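S.K.: Kindly return the folded structure for what I paste below:
(one chain, ligands or ions: 2)
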Amino acid sequence: MVEFYNPTWDDIEEQIFRIAKEMAKDNFLPDAIVAILTGGVIPAKLFADILNMKNIKYIDIKFYRDVGKTESKPVIKAVYVNDLDNKKVLVVDDVSDTGETLEAVTNVVSMFSPKVIRTATLYVKPWSRKIPDYYGDKVGKWIIFPWDKWDVVRTNPDAPVAKKEKYFELHNIFSRMRG
Ligand code: PRP
Ligand code: MG
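M.R.: Ligands and ions are numbered 1, 2, ... in the order given. Predicted coordinates for the structure are as follows:
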């Protein structure tokens, strides 16, 4: 049975503050952020606002089919990246689990000839083979992020997600419309 961890928005902000403090201590100010779609988008936006910059690029990559179930390799669907030549880049995601996604993304980013690539994830799993340069807490459970909870509960109706009845009611209406 999967154990879940449900960080609140407040917990998310605390992770962001902790990581940003570490970056400040290191005197690390990136020129660009690469957000890993989809889970890294909101953390990337929060970091960008703390760093007072708007330069966010995106890489669309998918590894998980369901809770704990992956494809054989992360699949890169699209790369929305330009102008990283000689730049300091911060790659941002919500979590590094196996570490494969972060590894695939840093490989792609390195093709754009940046000066520096650093990585940040809000959480890291204790078994991840890629430890980000910056991370908040180490968590060994399946993390249900506030921005991902409906995706989790859709295929795991028993998952501890508040207001799931409202989600299912509307989701079912739109599923019927889709036919
Ligand atoms: C999740 C998560 C990370 C990745 C971590 O993304 O957001 O990107 O898995 O796993 P890994 O370290 O084992 O590679 P997912 O593939 O579920 O796509 P999503 O962000 O669109 O939900
Ligand atoms: Mg992801």
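
S.K.: Quick check: next helix or strand after the longest helix seen in the chain?
M.R.: The longest helix of the chain (DSSP state H) is helix 9-25. Per DSSP states H and E, the first helix or strand lying C-terminal to helix 9-25 is strand 32-37.

S.K.: Would you tell me whether that following strand gets close to ligand 1?
M.R.: Yes: using Cβ under 6 Å from any ligand atom, we find that strand 32-37 touches ligand 1 at 36, 37. Quick note: C-beta positions are derived from backbone N, CA and C, even for glycine.

S.K.: if I look at the closest residue to residue 148 other than its chain neighbours, how far off is residue 115?
M.R.: Using Cβ to Cβ, 6 or more residues apart in numbering and skipping the chain neighbours, the partner closest in space to residue 148 is residue 39 (6.1 Å). Plainly put, residue 39 is 26 Å away from residue 115 if you go by Cβ to Cβ, to the nearest Å.

S.K.: does any part of stretch 84-96 sit near ligand 1?
M.R.: Yes: applying Cβ under 6 Å from any ligand atom, one finds stretch 84-96 in contact with ligand 1 at 93, 94, 95, 96.

S.K.: and the first one, that one's in a strand?
M.R.: Yes: counting by DSSP: H, G, I helix; E, B strand; the rest coil, residue 93 is part of a strand.

S.K.: Next up, the contacts around it.
M.R.: Applying Cβ atoms under 8 Å, 6 or more residues apart in numbering to residue 93 gives the contacts 35, 36, 39, 40, 43, 101, 102, 105, 119, 120, 121, 132.

S.K.: Over to the second one?
M.R.: With contact set as Cβ under 8 Å, 6+ apart, residue 94 has these partners: 39, 40, 42, 43, 121, 122, 123, 143, 145, 147, 148.

S.K.: Disregarding flanking residues, what is the spatial nearest neighbour of it?
M.R.: Closest to residue 94 by Cβ to Cβ, 6+ apart is residue 39, at 3.8 Å.

S.K.: likewise the third one?
M.R.: Closest residue in space to residue 95, ignoring its immediate chain neighbours: residue 123 at 4.6 Å, by Cβ to Cβ, 6+ apart.

S.K.: Cross the contacts of residue 94 against helices and list the overlap.
M.R.: 42, 43.

S.K.: Closest to residue 28 out of the contacts of residue 94?
M.R.: residue 121 (15.4 Å; Cβ to Cβ).
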